[in-house]
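Asker: Provide a 3D model corresponding to the input given below.
(one chain, ligands or ions: 1)
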Amino acid sequence: MRSENYFSANPDLRFYFETVIDWDRLVPLYAEADDAAQPAATAGTWRDVLDVAGDYVGRQISARAADVDRLGTPHRGNIKVSPPMAENLRGLAEMGVMGLALPREYGGEGMPFVVNAAVIEMLARADAATMVQYAFYSSPATMILRFGSDAQKHRWVPRLASGEIIGWVAMTEPEAGSDVGNVSTSATRQADGTWRITGRKQFISSGNGQVGVLLARAVPGSRGLDGLALFLVPRCIPDAETGERENFEVERAEEKVCINGSPTCALAFADSYAEILGSPGDGWHQITTFMNEARIAVGIQACGVAHASLVAAQDYAAQRVQMKKPIREHPLVAEMLLDMETTVAGLRALWMESAVAYDLVRGLDLRLRDLSEVDPERPTITARKRRLELYLRELTPLVKYFGAEEAIRVARLGMQVFGGYGVIKDYDVERFLRDSLILPIYEGTSQIQSLMATKDLLKAIVRNPRSLLIPGGHSPWLASARFDGEMGRLYRGALRSFSAAVSWLMVDLGRQVGPRRAAQLMRGGSAELDDNDLAYVLLSAERLTQMLAHLHIGRLLAQQAQRWPERRPLAERFLRRASDVCRLNTRRIMRGDRDALEAIQQWHTATAS
Ligand SMILES: Cc1cc2nc3c(=O)[nH]c(=O)nc-3n(C[C@H](O)[C@H](O)[C@H](O)COP(=O)(O)OP(=O)(O)OC[C@H]3O[C@@H](n4cnc5c(N)ncnc54)[C@H](O)[C@@H]3O)c2cc1C
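Answerer: Numbers count the residues shown, from 1 in each chain. Below you'll find the model as predicted:
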């Protein structure tokens, strides 16, 4: 792996922090009084932090990555991370970056998430497993801060922020993966107001950590997403005889093919002590706040893994000679390298936009908390925050979907550039490909992301059917973007293809549900669509999501190119691809191929008879 400063030696990452991000908007929302008045200087200090972190991550953590992967973790007994992983985490804690975006009063640094996000990308480039462990300092802390009592915050957050302890967040169960509503772990209230947890959690990253946030059923007899609650669960609790005892069992850490250095634990709870975060019934809403943040983080992680593959392939292709020239001079290899580079730059544009939108929402929220109910600024800030929330909601499944799927594709291309050496364990590219495989699975699979994006698209159309008349009309951001020349032509063409697919799907849906119901729906009537009505639209979800992700990235890169002309070749390259993706997916959607739906019918019939 290249040993270099992963921040200062990465011009595309630096470009955002030095040129693109509007610090005048962001700094006042996060910095304290004096620093807030000097956005450029404050942003400079934050860049310095990235420079120091980039040096450590790019020279030391990257050097230990192969050992972290090879040593993994024990799978039974005393589950703990390997010595090189422990060294990585100790180094990060000493540098003070565990709680970069946590508030200062709880031991964090109070920086915007986008700074933390750059550390996530750099860590994922060096070692995806270390990045996963890193995330489980701030993730549980954020949930405790958001929903915990003062006592819970003071007890746990400073220890997580300093890196003294690590935590976990547990939703998944053996029978409840994508189907969170199937959670059966139960929580029972005690006379003293504490709770007892019974059940099992599966695939819990860093589940051997000292404190966790756990989703359980707190209302007996409740079903689905109702009646859930979040609980704070310490690993150890006081014991009259021994002083301290284990509160639950860490049964095992799974043997995986990816992120081997991060223990993925099966946990068993039997009347385990817990404290509630919030109230019974709030759990689903609470956990979605975690999932939305985590999904952006996985998109950022994907960028790091893809960037690692890109750099490895670039270096190898420059020095490996075949047929008397470096292989990068063979057009088919050059095309792979350019494809990888375009993908990584596109993904970075998308995650940056999402991270900044997230920071603006969070910052405006903090501002609103400081304002009185009658402050004249309140309505304007509330409206701005609402608009940004909608924007973020639109982007989040796209960052996760595009990042995860494309990181795997890029990692595979990286392996291909290495030829036979790519599958040899001495080279890092096989690890990048293995590690990339987790990205479309955790924090909501790719299929779940695409269903979310598609259902939101449908809701926007049902709310405002006239939006179908405008290309990209469901999204003010896509519909209002205008570009000149070749970029404009490509963008408009891609957007028109997408809109043609959506209109076709709506007409097809109208045919399925019948004219009366379709008219009722389009008038915003009381009729509700169910998944049966929507079967073909939902079957098209991944194709629609691919188009949406490409359109948004093309839009963002074209906006950059308008301000910084040196970005134009990249923007045009990406838009050409967006145009192809939209045309191809539209053609596939309009073909109306229902084979999968018919297969389901046959399986049903076969099972019933
Ligand atoms: C290494 C690792 C770390 C993890 N860390 C954590 C953690 O820290 N905390 C935690 O709570 N969980 C964690 N998970 C669990 C992870 O979030 C789940 O594995 C994931 O949500 C998928 O659930 P599942 O594995 O049960 O698959 P399933 O839900 O059974 O899905 C199987 C397949 O069916 C598809 N599918 C399911 N439902 C639908 C649908 N309605 N429409 C279309 N397709 C569908 C899925 O996309 C997938 O392709 C981790 C998992 C792994 C492997």
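Asker: how about Gly96, nearest residue that isn't a chain neighbour?
Answerer: Once flanking residues are discounted, Gly96 sits nearest to Glu109: 6.9 Å by Cβ to Cβ, 6 or more residues apart in numbering. Yep, even glycine has a C-beta here, placed from its N, CA and C like the rest.
Asker: residues in contact with the one you found?
Answerer: Val49, Gly96, Val97, Gly99, Leu100, Ala101, Leu102 (Cβ atoms under 8 Å, 6 or more residues apart in numbering).
Asker: just the buried residues out of those, in PyMOL syntax.
Answerer: A single PyMOL command selects the buried members of these (16 or more other Cβ atoms under 10 Å):
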select buried, resi 49+96+97+99+100+101+102
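Asker: columns distance to the ligand on top of the contacts of Glu109, output as TSV?
Answerer: Below are the contacts of Glu109 laid out as TSV (distance: Cβ to the nearest ligand atom, whole Å):
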residue	distance to the ligand
Val49	27
Gly96	25
Val97	21
Gly99	19
Leu100	20
Ala101	19
Leu102	19
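Asker: thinking again about what came up before, can you tell me the SS state at the residue nearest to Gly96?
Answerer: The three-state label given to Glu109 by DSSP: H, G, I helix; E, B strand; the rest coil is coil.
Asker: quick one: it from Lys153, how far?
Answerer: 17 Å (Cβ to Cβ, to the nearest Å).
Asker: just Glu542 next, same as before
Answerer: In this view, Glu542 and Lys153 are 40 Å apart by Cβ to Cβ.
Asker: what residues does this protein put near the ligand?
Answerer: 169-172, 177-178, 203-205, 256, 259, 264, 438, 441-443, 445, 447-448, 451 (Cβ under 6 Å from any ligand atom).
Asker: rerun that using 5 Å as the cut-off
Answerer: Selection of the chain residues close to the ligand by Cβ under 5 Å from any ligand atom yields Met171, Thr172, Gly177, Ser178, Phe203, Ile204, Ser205, Thr264, Tyr442, Thr445, Gln447.
Asker: same list (those residues) but as JSON lines, adding neighbour count.
Answerer: Formatted as JSON lines, those follow (neighbours: other Cβ atoms under 10 Å):
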{"residue": "Met171", "neighbour count": "24"}
{"residue": "Thr172", "neighbour count": "19"}
{"residue": "Gly177", "neighbour count": "17"}
{"residue": "Ser178", "neighbour count": "13"}
{"residue": "Phe203", "neighbour count": "19"}
{"residue": "Ile204", "neighbour count": "25"}
{"residue": "Ser205", "neighbour count": "24"}
{"residue": "Thr264", "neighbour count": "24"}
{"residue": "Tyr442", "neighbour count": "20"}
{"residue": "Thr445", "neighbour count": "16"}
{"residue": "Gln447", "neighbour count": "15"}
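Asker: and these, which two are furthest apart?
Answerer: Ile204 and Gln447 (21.7 Å; Cβ to Cβ).
Asker: show the backbone phi and psi for the residue of the chain found nearest the ligand.
Answerer: Closest residue of the chain to the ligand, Cβ to the nearest ligand atom: Gly177 (1.8 Å). Here is the backbone geometry of Gly177 (degrees, to the nearest 10): phi -100, psi -100.
Asker: which ones are touching it?
Answerer: Gln202.
Asker: also Glu353?
Answerer: Leu395, His552, Leu556.
Asker: my guess is the last one meets Trp351, correct?
Answerer: Meaning Leu556. No. Using Cβ atoms under 8 Å, Leu556 is not in contact with Trp351; the gap is 10.4 Å.
Asker: so between these two, which is more surrounded?
Answerer: Taking neighbours as other Cβ atoms under 10 Å, Leu556 and Trp351 compare with Trp351 leading, 29 against 22.
Asker: the helices in the stretch 501-609 of the chain, which residues?
Answerer: Secondary structure of the stretch 501-609 of the chain (DSSP state H, counting those that start in this stretch): helices located at 515-522, 535-539, 541-563, 568-591, 595-608.
Asker: out of those, which gets the lowest mean score?
Answerer: In terms of average pLDDT, helix 515-522 trails the rest of these, at a mean of 76.
Asker: ok, back up a step: ok, so of the residues of the chain next to the ligand, who is nearest Pro220?
Answerer: Met171 (19.7 Å).
Asker: need the phi and psi values for the closest one.
Answerer: Per degrees, to the nearest 10, the backbone of Met171 is at phi -110, psi -50.
Asker: show me the contacts for it.
Answerer: Val180, Val183, Lys201, Leu215, Ile287.
Asker: please redo it, this time with the cut-off set to 10 Å
Answerer: 177, 180, 183, 185, 201-204, 213-216, 228, 230, 283, 287, 290-291, 443 (Cβ atoms under 10 Å, 6 or more residues apart in numbering).
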